[in-house]
Structures are given as C-alpha cells and as structure tokens.
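> Structure for this input, please:
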Amino acid sequence: MPGPEPHDDLALLERSVRDAGRIAREFFEAGTFKRWDKGKGNPVTEADIAVDKFLHQTLRSARPGYGWLSEETEDDPSRLNARDVFVVDPIDGTIAFMKNRPHFTVCAGIVRDGVPVAGVVFNPMLDECFAARAGAGATLNSKAIRVTDRAEVEGCRMLADRNMLAHPAWNNAPNRPWPEMHIETRNSIAYRMVLAANGMFDATLALSSKRDWDIAAAEIIVREAGGLVTTHTGAAMTYNRESTLKPSLVVAGPKLHAALLARVSHLSLPRER
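Predicted coordinates:
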C-alpha cells in the first residue's frame, strides 16, 4: 500500500507539536517542575519527559512503521532499518525553559533515507510555528518565509556565542578577526536556525557539536526558505546514522554562507563523542 501523502505527514507534525507545546507551556507557566542533570551541562526537566511521551505516543500511533529518535528516549537501533524516522527534541532550549525565558522550542521532523523531508519548530510562548516539507516552501504561522540575500559578514545579524567570536585565537593566521556584527544568541539551536530562515537574522554559526534532534526539523525549514545548512567545512548533514553527532553548524543564505565558510572551513575542531 502507498504511504501517507507528504502534506498529511506535515499536518500530523504540526498538529502534534502544537499540542505538545501546550503541555510545555503549562509547565513553564506553573514554574514548578522537577529537574535534574543527565550529565555536565545537560539538564532535563519533567516537562521534557512529558512532552516526549506525548509525541512518541501520538506520532508513532499515527505512523507505526516510522522509526523514532529523540533526545529523551533511549535509542532503539531498529531506527537504522527504517526508511522514515521521526527525529524529535521535546524541548530544545531546556536552559531557557528553566530560567523562565520564552526562547525554547518543541521540534519534530521526519527524515527519509537520511535527509529531512518535513519539520516543525514551535515556540509555544510566542506562538511561532515554523513548518516546511520538501518542495513546498517554508512558513511561519502559514505565511511564507525566506532567508536574507545578504553577502557580507560585516554588519550582519548573527546568532552565535559572542565569546566564541571574540576569542583571541581569531587573531592568529590563518584565522581572521571577525568584523563588527549584530550578535545575539538563543538557547535553542533549532530556534536560531528558523530565525535565520525567517530573515529575522542573517545567519547562525556554532563550532561545537550538535545532535540530530537539535537540527533535523529546522534544517528542512531553512532549506525550503532558500538557505543552506552544513558543517563548518561545508559538508552536508546526514541523519539517522549510528552516530547522531554533528561537529558544527553553519546556516545562512547562499552568499553569506559562502563568506562564512571562507572564514571557518580551515579549522580543525576537537572531536566529541
């Protein structure tokens, strides 16, 4: 039998992620929830777990043949044998969530043969629902969005770690100091990506490792908005492999993306596990 239509998959994602966002919002507004650390600098709350359980039950019951990969679910290697896989981050930006900042997102995407084909990134506090499916464009609350056409690094609106960009090592050749930019950041990597897709910012850059669930849903949104998503060396991302680690992230429109790669592609970053 033929599988679900692409628009049906996206509708399922958006409906489910919006409902999950309401769960996260209830915890956020109550302000009382259990929290603990999974590891150094890796906090989790009961809201993360509640959202994860809801999405797992809702999405897998609707598409039992799809695999599952989530930050808050123990990894099931059977996903490697699935052509279609849900890739989920129940709350991306848990630190913002814990600090009562409205810059966290609920993210869910569908990866087919290693490539994102549909994705939704939802900020429930600001009611911003970014969505896309392959070949259909990207939207924010159903209105089309597009990356900027900027080419110059100087003066661009950048989402990145200010301390990273100010590190003295940039003064040592072959590195180059960064020019003046408008720099901000958000705890949610996916949120940074879709803000670039929306043209609110020109780019986002991270020279530290990310995971599939951090970026898969947002990547299709950026690509359908006309942007590029690669590692700092310009390599394309491939998802649903045994390792979920991605070494770095560069997101921008094609012209600025090329300018950013010219500044960082020579870097040899430490490998993380």
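> Where does I110 sit: helix, strand or coil?
Using DSSP: H, G, I helix; E, B strand; the rest coil, the structure places I110 in strand.
> Now do the helix-or-strand element of the chain with minimal mean pLDDT: everything it contacts.
The least trusted helix or strand in the chain, going by mean pLDDT, DSSP states H and E, turns out to be strand 35-39, with a mean of 86. Outside strand 35-39, the residues that touch it by Cβ atoms under 8 Å, 6 or more residues apart in numbering are P43, V44, T45, E46, M98. C-beta: built from backbone N, CA, C; applies to glycine.
> for the helix or strand just after that strand, packing partners?
Per DSSP states H and E, strand 35-39 leads on to strand 42-45 as the next helix or strand towards the C-terminus. For strand 42-45, the helices and strands in contact under the criterion 3 or more Cβ pairs under 8 Å, 6 or more residues apart in numbering; DSSP states H and E are strand 35-39, helix 94-98.
> Of these, flag the one that's most buried.
helix 94-98 (a mean of 21; mean count of other Cβ atoms under 10 Å).
> Any regions of this protein where pLDDT drops low?
Residue ranges of the chain with pLDDT under 70: 1-3, 6, 272-273.
> quick check: domain ranges of it?
Per automatic domain parsing, the domain ranges recorded for the chain read 6-144, 157-264.
> Could you check how far the least confident helix or strand of the chain is from the centre of its chain?
Relative to its chain's centre, strand 35-39 lies at 21 Å (Cα atoms, centre = their mean, to the nearest Å).
> one step back: of the contacts of strand 35-39, just the buried ones, PyMOL syntax please.
Burial among these is assessed by 16 or more other Cβ atoms under 10 Å; the matching PyMOL selection reads:
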select buried, resi 44+45+98
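> List just the nearest of the contacts of strand 35-39 to E74.
Top of the list for closeness to E74, among these and by Cβ to Cβ, is V44 at 13.3 Å.
> Quick check: the closest residue to that closest one other than its chain neighbours vs L12, distance?
Spatial nearest neighbour of V44, excluding adjacent residues (Cβ to Cβ, 6 or more residues apart in numbering): K38 at 5.3 Å. Distance check for K38 against L12: by Cβ to Cβ, to the nearest Å, it reads 29 Å.
> likewise L207?
Taking Cβ to Cβ, one finds L207 at 35 Å from L12.
> what's the answer for N198, then?
For N198, the distance to L12 equals 23 Å [Cβ to Cβ].
> again, but for D92
D92 sits 19 Å away from L12 when distances are taken as Cβ to Cβ.
> residues in contact with the helix ranked longest in the chain?
Longest helix of the chain, by residue count under DSSP state H: helix 6-30. Outside of helix 6-30, the residues within contact range by Cβ under 8 Å, 6+ apart are 4, 33, 45-47, 50-51, 54-55, 58-59, 62-63, 90-91, 97, 100, 102, 104, 106-110, 117-120, 122-125, 129, 131-136.
> swap the cut-off to 6 Å and go again
If you take Cβ atoms under 6 Å, 6 or more residues apart in numbering as the criterion, helix 6-30 is touched by 33, 47, 50-51, 54-55, 58-59, 62, 91, 106, 108, 110, 118, 120, 122, 124, 131, 133.
> how about that helix: buried residues?
Residues of helix 6-30 classed as buried: 6, 9-14, 16-17, 20-21, 23-25, 27-28 (neighbour count, 16+ other Cβ under 10 Å).
> Among those, which one sits closest to V85?
The closest of the buried residues of helix 6-30, once distances to V85 are taken by Cβ to Cβ, is D9, at 11.9 Å.
> how near is that closest one to I91?
Separation of D9 from I91 (Cβ to Cβ) stands at 22 Å.
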